[in-house]
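Visitor: Mind folding the following:
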Amino acid sequence: MNLKVGDKVRVIAGASKGKEGKIIKTLKKDNTVIVEGANIVKKHMKGNGQVSGGIQEVAHPIHVSNVMLIDPKTKKPTRIGKSQDKNNKKIRIAKKSSEKLD
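Guide: Okay, here's the model as predicted:
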(Lines give C-alpha, C1' and ligand atoms only; values in the text may rest on other atoms or scores of the structure.)
Protein backbone atom coordinates (compact mmCIF):
# COMPACT_ATOMS: atom_id res chain seq x y z
CA MET A 1 0.00 0.00 0.00
CA ASN A 2 1.47 3.33 -1.09
CA LEU A 3 -0.83 5.58 0.93
CA LYS A 4 0.09 6.93 4.37
CA VAL A 5 -1.74 8.62 7.24
CA GLY A 6 -2.12 12.33 6.49
CA ASP A 7 -2.24 11.98 2.69
CA LYS A 8 -5.01 13.98 1.02
CA VAL A 9 -7.10 11.68 -1.19
CA ARG A 10 -10.24 11.75 -3.34
CA VAL A 11 -12.77 8.90 -3.37
CA ILE A 12 -13.18 7.71 -6.98
CA ALA A 13 -15.81 4.97 -6.52
CA GLY A 14 -18.69 4.09 -4.24
CA ALA A 15 -21.35 6.04 -2.40
CA SER A 16 -18.89 8.77 -1.33
CA LYS A 17 -17.54 9.30 -4.85
CA GLY A 18 -16.01 12.77 -5.33
CA LYS A 19 -15.41 13.52 -1.65
CA GLU A 20 -11.94 14.57 -0.51
CA GLY A 21 -10.27 14.27 2.85
CA LYS A 22 -7.18 13.23 4.76
CA ILE A 23 -6.43 9.64 5.66
CA ILE A 24 -7.02 9.10 9.37
CA LYS A 25 -5.96 5.47 9.58
CA THR A 26 -4.59 2.75 7.31
CA LEU A 27 -5.54 -0.89 7.80
CA LYS A 28 -2.80 -2.77 5.95
CA LYS A 29 -4.14 -6.23 6.74
CA ASP A 30 -7.46 -5.47 5.00
CA ASN A 31 -5.90 -3.12 2.40
CA THR A 32 -8.29 -0.33 3.41
CA VAL A 33 -8.08 3.26 4.63
CA ILE A 34 -10.33 5.48 6.73
CA VAL A 35 -10.87 8.92 5.17
CA GLU A 36 -12.30 11.80 7.21
CA GLY A 37 -15.68 12.92 5.89
CA ALA A 38 -16.13 9.95 3.54
CA ASN A 39 -18.12 6.71 3.92
CA ILE A 40 -19.93 8.00 7.01
CA VAL A 41 -22.48 5.59 8.52
CA LYS A 42 -24.78 5.89 11.52
CA LYS A 43 -24.07 3.49 14.35
CA HIS A 44 -26.24 2.82 17.39
CA MET A 45 -24.00 3.00 20.45
CA LYS A 46 -24.72 1.89 23.98
CA GLY A 47 -23.79 4.45 26.61
CA ASN A 48 -21.38 3.87 29.46
CA GLY A 49 -19.86 6.06 32.17
CA GLN A 50 -17.77 8.25 29.85
CA VAL A 51 -19.78 8.29 26.60
CA SER A 52 -23.49 8.94 26.23
CA GLY A 53 -25.45 6.49 24.14
CA GLY A 54 -27.35 7.22 20.97
CA ILE A 55 -26.81 7.33 17.24
CA GLN A 56 -23.23 8.25 16.34
CA GLU A 57 -21.80 9.00 12.89
CA VAL A 58 -18.68 6.92 12.25
CA ALA A 59 -16.31 6.77 9.26
CA HIS A 60 -15.95 3.27 7.85
CA PRO A 61 -12.99 1.90 5.85
CA ILE A 62 -12.72 2.25 2.06
CA HIS A 63 -10.65 -0.08 -0.10
CA VAL A 64 -7.45 1.56 -1.37
CA SER A 65 -8.43 0.88 -4.98
CA ASN A 66 -11.34 3.31 -4.51
CA VAL A 67 -9.21 6.32 -3.50
CA MET A 68 -6.54 8.33 -5.33
CA LEU A 69 -3.92 10.67 -3.95
CA ILE A 70 -4.37 14.39 -4.68
CA ASP A 71 -1.33 15.88 -6.44
CA PRO A 72 0.01 18.75 -4.29
CA LYS A 73 0.90 20.84 -7.36
CA THR A 74 -2.06 20.35 -9.73
CA LYS A 75 -4.72 19.47 -7.11
CA LYS A 76 -5.91 16.59 -9.31
CA PRO A 77 -5.94 12.83 -8.58
CA THR A 78 -2.67 11.11 -9.45
CA ARG A 79 -0.90 7.81 -9.11
CA ILE A 80 2.06 7.29 -6.84
CA GLY A 81 5.52 6.42 -8.13
CA LYS A 82 8.73 5.46 -6.39
CA SER A 83 12.11 7.04 -6.96
CA GLN A 84 15.42 7.63 -5.20
CA ASP A 85 16.89 10.89 -3.99
CA LYS A 86 20.56 11.94 -3.98
CA ASN A 87 21.35 9.75 -0.96
CA ASN A 88 19.76 6.65 -2.59
CA LYS A 89 16.83 6.86 -0.18
CA LYS A 90 13.46 5.72 -1.55
CA ILE A 91 10.88 8.50 -1.92
CA ARG A 92 7.31 8.72 -3.20
CA ILE A 93 6.52 10.99 -6.15
CA ALA A 94 3.29 12.10 -7.81
CA LYS A 95 3.18 10.73 -11.36
CA LYS A 96 1.38 13.78 -12.84
CA SER A 97 3.78 16.49 -11.75
CA SER A 98 6.82 14.50 -10.54
CA GLU A 99 6.42 16.37 -7.25
CA LYS A 100 8.06 14.79 -4.19
CA LEU A 101 5.63 13.56 -1.51
CA ASP A 102 6.59 13.51 2.16
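Visitor: how about the residue most central in space within the chain, what does it touch?
Guide: Nearest residue to the geometric centre of the chain (Cα atoms, centre = their mean): Ile23, 3.4 Å. Neighbouring residues of Ile23 by Cβ atoms under 8 Å, 6 or more residues apart in numbering: 3-7, 9, 33-35. (Glycine included, C-beta is placed from N, CA and C.)
Visitor: Would you verify that it is located in a strand?
Guide: Yes - under DSSP: H, G, I helix; E, B strand; the rest coil, Ile23 sits within a strand.
Visitor: hmm, back to that, make TSV from the contacts of Ile23 and add secondary structure and neighbour count to it.
Guide: Below are those laid out as TSV (DSSP: H, G, I helix; E, B strand; the rest coil; neighbours: other Cβ atoms under 10 Å):
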residue	secondary structure	neighbour count
Leu3	coil	17
Lys4	coil	14
Val5	coil	11
Gly6	coil	9
Asp7	coil	19
Val9	strand	22
Val33	strand	25
Ile34	strand	18
Val35	strand	28
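Visitor: possible to save these as JSON lines with distance to Gly54 and pLDDT?
Guide: Conversion of the contacts of Ile23 to JSON lines gives the following (distance: Cβ to Cβ, whole Å; pLDDT from 0 to 100):
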{"residue": "Leu3", "distance to Gly54": "32", "pLDDT": "94"}
{"residue": "Lys4", "distance to Gly54": "33", "pLDDT": "94"}
{"residue": "Val5", "distance to Gly54": "29", "pLDDT": "96"}
{"residue": "Gly6", "distance to Gly54": "30", "pLDDT": "94"}
{"residue": "Asp7", "distance to Gly54": "32", "pLDDT": "95"}
{"residue": "Val9", "distance to Gly54": "30", "pLDDT": "97"}
{"residue": "Val33", "distance to Gly54": "27", "pLDDT": "97"}
{"residue": "Ile34", "distance to Gly54": "21", "pLDDT": "97"}
{"residue": "Val35", "distance to Gly54": "24", "pLDDT": "97"}
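Visitor: Done for today, thanks.
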